[in-house]
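K.L.:
Pasting the sequence and the predicted coordinates here, then a few questions.
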Amino acid sequence: MPTSSYQRLLDLAFAEPAAAARYLTPATREAYHLFGQAAPADIAYRFERVRLGVALALLRLLAELGDMEEARQVLDVLKNALQAPSVAGIDKAMQKGATTFDQLYANLYVNEDGEQVLHLFERTLDADTQRLMDDVIGEALELVPMLDFSRDEEED
C-alpha cells in the first residue's frame, strides 16, 4: 500500500524515533486510513482523529523550529485528545488543555517559518471537510523541506 500524504507528514514531523514513540500510536498513524473506511455514524470521530494527527505533526514542527516548551505542552494536550474514545471526549480533552493553547499564543515568538507552520495549524483546526484537510496536508508537505531547523545560538 502506498504511503499516504498524512503518513508522510507524520514521518517528517516525527523523524526522531524517540519523539515518534512518545507521540504516535498505531491508531494515530492509521487515522487517515480508518477515516476513509469509517461507517457513516463514525465519520465525525474519525475526521477529528485525522485533524488531531495533522495538528500534532504541525505542532511538533513548530516546537522544533523554535525549541518551544509551550508547543511541546500543546503536543501533550493533542496526544491526550487522541486517546479519547469519542468526539465528546476529544472536545473535553481539548477544553481541559485550553490554557495550554493560550500560553502558546501568549508566549509566541515566531519567525517566518514558524508563522507558516502556525498558519497551517490554525487552518487544521478550521478544516471541516476532507478536501480542506487534504489541502493543509499537501501544503505542509511542500513547506517542510523549506523549513530551517538550525538553531542560531546568538546571544546579545
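P.N.:
Cool, got the structure.
K.L.:
I'd like to know how far the nearest residue to Ala93 once chain neighbours are set aside sits from Phe149.
P.N.:
Residue nearest to Ala93 in three dimensions, not counting chain neighbours: Ala81, with 3.9 Å by C-beta to C-beta, 6 or more residues apart in numbering. C-beta coordinates here come from the backbone N, C-alpha and C atoms, glycine included. Using C-beta to C-beta, to the nearest Å, Ala81 is found at 26 Å from Phe149.
K.L.:
Which strands or helices does the longest helix seen in the chain pack on?
P.N.:
The longest helix of the chain (DSSP state H) is helix 43-66. Under the contact criterion of 3 or more C-beta pairs under 8 Å, 6 or more residues apart in numbering; DSSP states H and E, helix 43-66 touches helix 5-13, helix 17-23, helix 26-29, helix 31-36, helix 69-82, helix 87-96, helix 112-126, helix 130-143.
K.L.:
pLDDT weak spots in the chain?
P.N.:
Along the chain, the model assigns pLDDT under 70 to residues 1-2, 67, 106-110, 151-156.
K.L.:
swap the cut-off to 50 and go again
P.N.:
1, 153-156 (pLDDT under 50).
K.L.:
In terms of neighbours, single out the busier of Ala81 and Phe149.
P.N.:
Ala81 (23 against 11; other C-beta atoms under 10 Å).
K.L.:
So the more buried one sits against Thr100, correct?
P.N.:
No: using C-beta atoms under 8 Å, Ala81 is not in contact with Thr100; the gap is 11.2 Å.
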